[in-house]
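Q: how would this look folded up:
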Amino acid sequence: MDTGPVNNIVFLADCYKVGHHRQYPPGTTIIYSYFESRGGRFPYTVFFGLQYILKRWLVGPVVTEEAIEEAKDILQKGVFNEEGWRYILKHHGGRLPVRIKAVPEGTVMPTKNVLLTVENTDPNVPWLTGYLETILVQVWYPIAVATNSRIHKQVIHHYHDLTANNTHFVSFGLHDCGYRGVSSVETAALGGSAHMINFKSSDTLAANALLKKYYHEVRRVEMGGAFSEHSTVTSWGREREADAHRHAIETYFGEFVGCVCDSYNIYACVEKILGEELKDLILRHAKKGGMLVVRPDSGDPCEVVLKCLEILGDRFGTETNAKGYKVLPPFLKVCQADGVNFKSLDTILGTLMEHGWAADNVSFGSGASLLQRLDRDTQKCAYKCSLAVIDGQDVEVFKEPITDTGKKSKRGRLTLQMEEGVYRTFEKGTGDPDKDLLVTVFENGELLKDYTFAEICQRAEITPADPDIMKFLAEDQGQRW
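A: Numbers count the residues shown, from 1 in each chain. Here you go, the predicted model:
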């Protein structure tokens, strides 16, 4: 199977960077740059994905004779920095002479703080720091998904805290069904992995493969049953819809079964087919340890989910939990996977609470809103030079455009420190290096820190110190959701 169109370090940059090595001031020996979220939609970022980028693209002897020759075929002679790349090949064995420091992956970081820094370690290649911007900035995507997913988790956790006996079901509360809705397999793998920091439920198999290869995580798919899709129901024909659901339950008897129920008339399906014709089969299925999940997939989620719960409660009964909210029997759930984002979650769960239903009766699925409706400006991610060494002197480098003060960049060497429980970025070398929370993760072609996915997930757990999610939802003015 083809490994893809690009497997060359030289092609991991925007084209205009090819000629930047000739544009720095004479005598420049060090370029020091940093990456941050300058703000954006969410009040914090979950840092994730750098380790994948480093292992996939930068670790080891990535500069080769073959790569240089391939680049010469495409890039204009006189602009392409052949001499610089050959220097790295000759003097460093093709390993990149740069140092990258970063916050530990999984860190939940308030915006406008440094997340990583990069500087060259060989004074003959100061241009390399800037050249790596393009590939390193692509960490914006897993960061955005991990953050977006965690915001969803905060909403779900909030309503479980209010209406459920406990929050044990929260980690299964949002299922990733975005594989088909993203731009590439790599996007699915990265985005799906980022989501799994927060939740244990996913359909995106590419993420399981990425976690095993790059994050020491064997996340096995132990379905113990299956969800149906419309084709596995409609292929039986409208008159045999009950047979389709009966077949699914009997095939996975005593296991997990998810039935998509809106192929024709969802309310008739839930009430007449599941609640009457197949009721005895479902109860026997439950006695064997099975679970049935009813999946609506169209209509107004607030109206449809509530009505499905009411019908199921009427047909199978309910109990009242310790907080006074109704719960279905433990073998019944509803999964809403259409029209779900963090704002609709609030609306749906708020509606259920108003009508006396506990949040743990319902799980959710999300696709494009979870993995695709994001961009670099979601969190205003940027990579900027803040210091150069020219003729042996440190020179603070910054931008401060009068047309957009939000793009003002930081100056000098940076440290990230914890001050009275709050993260703070120190500029201009004023911080204490001994208190710097940035960890050297890569140096001279070697990975120096190799995180496990388990420790990343632990860092990203919901805590009482998180920003008030309801205040955020009330103030959020974002579009496209």
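
Q: not including adjacent chain positions, what is the nearest residue to residue 128?
A: Distance criterion Cβ to Cβ, 6 or more residues apart in numbering; nearest residue to residue 128, sequence neighbours excluded, is residue 120 at 5.1 Å. Where you see a C-beta, it was placed from the backbone N, CA and C, and this is true even at glycine.

Q: what's the one you found in contact with, if anything?
A: 30, 31, 97, 98, 99, 126, 128, 129 (Cβ atoms under 8 Å, 6 or more residues apart in numbering).

Q: again with residue 61
A: By Cβ under 8 Å, 6+ apart, the residues touching residue 61 are 93, 94, 95, 445.

Q: Three-state assignment for it, please.
A: The local conformation at residue 61, judged by DSSP: H, G, I helix; E, B strand; the rest coil, is coil.

Q: do residue 85 as well
A: Here residue 85 is recorded as helix under three-state DSSP.

Q: got it, and residue 123?
A: Going by three-state DSSP: residue 123 is coil.

Q: now it. Nearest residue, chain neighbours left out?
A: residue 29 (3.6 Å).

Q: for residue 75, same thing?
A: residue 18 (5.8 Å).

Q: what does the pLDDT read for that neighbour?
A: If you check residue 18, the pLDDT there is 94.

Q: for it, the count of nearby residues, please.
A: By other Cβ atoms under 10 Å, 20 other residues sit near residue 18.

Q: is it true that it touches residue 81?
A: Yes - using Cβ atoms under 8 Å, residue 18 is in contact with residue 81, at 6.8 Å.

Q: residue 388: which element?
A: Counting by DSSP states H and E, the element that carries residue 388 is strand 381-390.

Q: strands paired with that strand, and their directions?
A: Using DSSP bridges, strand 381-390 pairs in its sheet with strand 28-37 (antiparallel), strand 393-396 (antiparallel).

Q: quick check: mean pLDDT across it?
A: The average pLDDT within strand 381-390 is 98.

Q: helices of the stretch 201-350 of the chain, residue ranges please.
A: Using DSSP state H, counting those that start in this stretch, the helices of the stretch 201-350 of the chain run over 205-214, 230-234, 241-251, 266-268, 279-287, 301-316, 342-354.

Q: is it possible to export these to JSON lines including mean neighbour count and mean pLDDT?
A: JSON lines is the format used below for these (neighbours: other Cβ atoms under 10 Å; pLDDT from 0 to 100):
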{"stretch": "helix 205-214", "mean neighbour count": "19", "mean pLDDT": "97"}
{"stretch": "helix 230-234", "mean neighbour count": "15", "mean pLDDT": "96"}
{"stretch": "helix 241-251", "mean neighbour count": "18", "mean pLDDT": "97"}
{"stretch": "helix 266-268", "mean neighbour count": "17", "mean pLDDT": "98"}
{"stretch": "helix 279-287", "mean neighbour count": "15", "mean pLDDT": "98"}
{"stretch": "helix 301-316", "mean neighbour count": "19", "mean pLDDT": "98"}
{"stretch": "helix 342-354", "mean neighbour count": "20", "mean pLDDT": "97"}
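
Q: so what's the residue count around the nearest residue to residue 470 once chain neighbours are set aside?
A: Of all residues not flanking residue 470 in the chain, residue 158 sits nearest, at 6.7 Å (Cβ to Cβ, 6+ apart). By the criterion of other Cβ under 10 Å, residue 158 has 23 neighbours.

Q: you'd agree residue 165 is up against residue 322?
A: Yes - Residue 165 is within contact range of residue 322, at 5.3 Å (criterion: Cβ under 8 Å).

Q: the two: which is more packed in?
A: Legend: neighbour count by other Cβ under 10 Å for residue 165 and residue 322, higher for residue 165 (14 against 9).

Q: wasn't that one part of a helix?
A: No - Residue 165: not assigned to a helix; according to three-state DSSP it is coil.

Q: from residue 294, how far off is it?
A: 22 Å (Cβ to Cβ, to the nearest Å).

Q: repeat that for residue 390.
A: Between residue 390 and residue 294 the computed distance is 67 Å (Cβ to Cβ).

Q: tell me the average confidence for the helix or strand harbouring residue 51?
A: In the assignment (DSSP H and E), residue 51 maps to helix 50-53. Per-region confidence: helix 50-53 scores 98 on mean pLDDT.

Q: buried stuff in the helix or strand just after that helix?
A: Next helix or strand after helix 50-53 toward the C-terminus (DSSP H and E): helix 65-74. Buried residues in helix 65-74, counting neighbours by 16 or more other Cβ atoms under 10 Å, are found at 67, 68, 71.

Q: likewise stretch 391-402?
A: So for stretch 391-402, counting by 16+ other Cβ under 10 Å, buried means residue 397.

Q: what's that stretch in contact with?
A: By Cβ under 8 Å, 6+ apart, the residues outside stretch 391-402 that reach it are 27, 29, 384-389, 407-413, 428-429.

Q: please repeat the previous calculation with a cut-off of 7 Å.
A: With contacts defined as Cβ atoms under 7 Å, 6 or more residues apart in numbering, stretch 391-402 is touched by 27, 384-388, 407-412, 428.

Q: can you add neighbour count and distance to residue 229 and give those residues back as CSV?
A: Compiled in CSV, the contacts of stretch 391-402 are given as follows (neighbours: other Cβ atoms under 10 Å; distance: Cβ to Cβ, whole Å):
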residue, neighbour count, distance to residue 229
27, 12, 64
384, 19, 46
385, 20, 50
386, 22, 51
387, 24, 54
388, 22, 56
407, 13, 46
408, 13, 50
409, 19, 49
410, 24, 49
411, 17, 55
412, 18, 56
428, 15, 57
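
Q: widest-spaced pair of these?
A: Spatial extent of the contacts of stretch 391-402 (Cβ to Cβ) is set by the pair 27 and 407 at 27.8 Å.

Q: contact partners for residue 53?
A: With Cβ under 7 Å, 6+ apart, residue 53 has these contacts: 135, 136, 138, 139.

Q: do the same with residue 368
A: 178, 181.

Q: make residue 1 into 9 and carry on from there
A: Yep, numbering from 9; the last one is residue 376 now.

Q: where does this protein dip in pLDDT?
A: 9, 230-233, 485-489 (pLDDT under 70).

Q: who's sitting farthest from the centroid in it?
A: residue 399 (42.5 Å; Cα atoms, centre = their mean).

Q: this completes my enquiry, with thanks.
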